[in-house]
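Let's see this in three dimensions:
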Amino acid sequence: MDRLRSQARSLVEAAGLGLLATAVLYLPPASIAARLDAWVFDLWSHLDPPLPAAEIVIAEADTPAALAHVVELADDAGAKLIVGTLADTPATQLDRLIGPVEISVDALRTRSADSARGGHLWFQHELDGVIRRDVAVRVQGADLPSLPLYAARVVESRALDGGDTSDLLLRWPRADAVPRLSPTPTAAELEGRIVVAGSLIPKHATPFGFVATPEVVAQMLASHLGRYYVAESSLASTALWAVALLLCVPFLFATPTTRPRTIGLLSAAALALPALSAGAFEVLAVWLPVTGPAAWLLVSSSLLVVRREKAPARTAASDSDSLSVARRAADGGRLKEAWALYRQLPPTPALFPEIYDLACALAAHGSPDEAADLFHRIAQVDGGFRDVAHRLVRTNHAPLDEGDAQMPPSIGRYELLEPIGRGAMGNVYLGRDPLINRILALKAIDLAIGYDNASCETTAETFLREAAIAGSLSHPNIVTIFDVGESDGLAYIAMEYVRGHHLSEFAAHDRLLPVDTVLDLIARAADALEYAHRRNVVHRDIKPANIMYDSLSNNLKITDFGIAKLIDANRTRTGIVLGTPAFMSPEQLEGKNVNGHTDLFALGVSLYQLLTGQLPFRGASMTNLMFVIANEPHQSVTSVRTELPKWLDEVVDRALAKSPADRFESAAAMAAALRRAA
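Presented below is the predicted three-dimensional model:
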């Protein structure tokens, strides 16, 4: 019941704020909502405009003399009615001739015209200057109908002073559908017709563009004769607001985990209201202004989503219950059950001791991944708690030799907590940014390896530039780089600390991952490479050792963007191969310019190794290995592991093609091939 009351209160608050925001759209002088609704009305008018009455024709008559000539011809031919739109009506007592009684001088004034019978030509424009309805005007205490409405009543022999259409919008026929008479019309063109005559200079804005006065009269007359009206209904408009309210209710239950679904639902809801308005216009001839309800729905639902995402996932009471269950599970020796419960709770300092003890117990009982998860949660809040940094590294990484464990207290502004590992050009440390108390991985690279003092400065500039380019990459499968810099001859990259294992740990025969898992991981790595390649960033050193995988969270990250180019430059300068060339493409070994196809070759080698537990190209020496990569075919994966599906041979063969032109055209194509075939 409390939850229902809370949700109802959230809905009322969001609805109130949404109404305030929507009301701004109606404020003059902008009146944004009214203008948008007018535009929507015109849009719906174009959906299926009605055909004008077949008996209406338009004749051009710019002067009273020309109008008198048209009247004479039409009368002789037996026209049903002649409607003149000039202020100067020919002097005649012809019953079938009508004209304007009042015409507009400007937007606010009218003057009398010469016609003895007829209506006004004072068309009232709406806020945006467009005519959409036929409104009577008050003259000498009586309502004077418009000339087209007067003509419709004459044609249908209706009372000339009855029936008001000012509350109805006109469903306009297209002006170009009303035929115009030739300069010398025949009797057949005039017999039995309603002839509307006047100047054809456009000066009136309608839903179908600017038209002349006779065309406005013809369009209005066609609407009256065909009863082409669109009614305004306050009841129907209220129902549309009610629908908007109903569409808003599902957003009470939106959560961050359902964000894509929420965005889709919001889009569908936003489209539902215009669809209802169009349906009512077309089927029921009812006009439903849609801007207000749609704007209110978008604002209110967005407020509900934001509030829901900011709200805690659980109440304090439920957290307390979960903590009690977690403690009982830990006391009972059900360590993994306790881990699953503790990781759902916010890691507050008050819980650090018991989370730490549980993590130590998990590590001691052969669950290092779960232990690392809990140590990581503590370190994210307080990297200096007890020896949590040391334990996090030791449960998540292979132990270092004693000589490799030496580290300075800091690099730049970053405090170093624990050595993680040693690479070809430097060390990796678990560090902490004291400005924001964030733990991170710090890769320190000795730029002096293979360089003299004169070139070291240039190398540092190159490194910082390449690392900065890599730092611009933002993808869920690429390690995020926070900062790059240089300190005491060491270049460093501060990046997010990724928990998990290098995929190289799963490249041995006895540690292979399931085939479906391998295909999914390589496809996700290809997605990340596609993202980087589109930004003209090539990794140059793709291999399982540079791809991290956490099986607990199913998280995959490619590491070492930004330093492979530096390593290539060092390799070229010193003649020393840093790391194994087994993943290099033929063109990379030849020293040619590399591009995304080089990364795809290396990703293909990684796929081969993770599927079979061996490399596709091997040699007794470096020279022999380079020759094999450049010239000899690899053994098919299905011949190494006969249980693998045959289609994998085609994918691997294409990825490992000697020529870049024969490989996949892009990383996205390789990812699609893996997913499609699987």
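
Need the pLDDT of the closest residue to residue 555 other than its chain neighbours.
Spatial nearest neighbour of residue 555, excluding adjacent residues (Cβ to Cβ, 6 or more residues apart in numbering): residue 500 at 6.6 Å. The C-beta positions use only the backbone N, C-alpha and C, and glycine is treated the same way. In this model, residue 500 is scored at 89, pLDDT.

What residues does residue 500 make contact with?
Residue 500 is in contact with 369, 396, 548-551, 555, 557, counting by Cβ atoms under 8 Å, 6 or more residues apart in numbering.

and the next element down the chain from the longest helix belonging to the chain?
If you go by DSSP state H, the chain has its longest helix at helix 2-24. Sequence-wise, the next helix or strand downstream of helix 2-24 (DSSP states H and E) is helix 32-45.

and after that following helix, which helix or strand comes next?
As assigned by DSSP H and E, the chain's next helix or strand after helix 32-45 is strand 56-60.

Can you list the neighbours in contact with the helix or strand following that next one?
Going down the chain from strand 56-60, the next helix or strand is helix 64-77, by DSSP H and E. Applying Cβ under 8 Å, 6+ apart, the external contacts of helix 64-77 come out as 59-61, 82, 84, 86, 88-90, 92, 94, 96-97, 185-191, 193, 195, 197-198.

Show me the residues you listed that map onto helices.
Within those, residues falling in helices by DSSP H are 187-190.

Buried members of those residues into PyMOL, please.
Typed into PyMOL, the next command selects the buried ones out of the ones in helices among the contacts of helix 64-77 (criterion: 16 or more other Cβ atoms under 10 Å):
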select buried, resi 189+190
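
Which member of the ones in helices among the contacts of helix 64-77 is positioned nearest residue 675?
Nearest to residue 675 among these is residue 189, at 68.1 Å by Cβ to Cβ.

my guess is that closest one contacts residue 57, does it?
Yes. Look at residue 189 against residue 57 with Cβ atoms under 8 Å: they come within range, at 6.8 Å.

which regions of the stretch 301-450 of the chain sit below the pLDDT cut-off?
Applying pLDDT under 70 to the stretch 301-450 of the chain flags residues 307-319, 401-405, 423-425, 447-450.

before we move on, back to that, what does the longest helix of the chain contact?
For helix 2-24, the external contacting residues (Cβ under 8 Å, 6+ apart) are 33, 245, 248-249, 252, 292, 295-297, 299-301, 303-304, 307-308.

got CSV for the ones in helices among the contacts of helix 64-77, with distance to residue 637 and pLDDT too?
Below are those laid out as CSV (distance: Cβ to Cβ, whole Å; pLDDT from 0 to 100):
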residue, distance to residue 637, pLDDT
187, 89, 87
188, 85, 87
189, 83, 87
190, 87, 91
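
Which one of the ones in helices among the contacts of helix 64-77 is nearest to residue 443?
Nearest to residue 443 among the ones in helices among the contacts of helix 64-77: residue 189, at 88.5 Å, using Cβ to Cβ.

Report the contact partners of that closest one.
Counted by Cβ under 8 Å, 6+ apart, residue 189 has contacts 57, 77, 181-182.

Farthest pair within those?
Farthest pair in the contacts of residue 189 (Cβ to Cβ) is 77 and 182. Separation: 13.2 Å.
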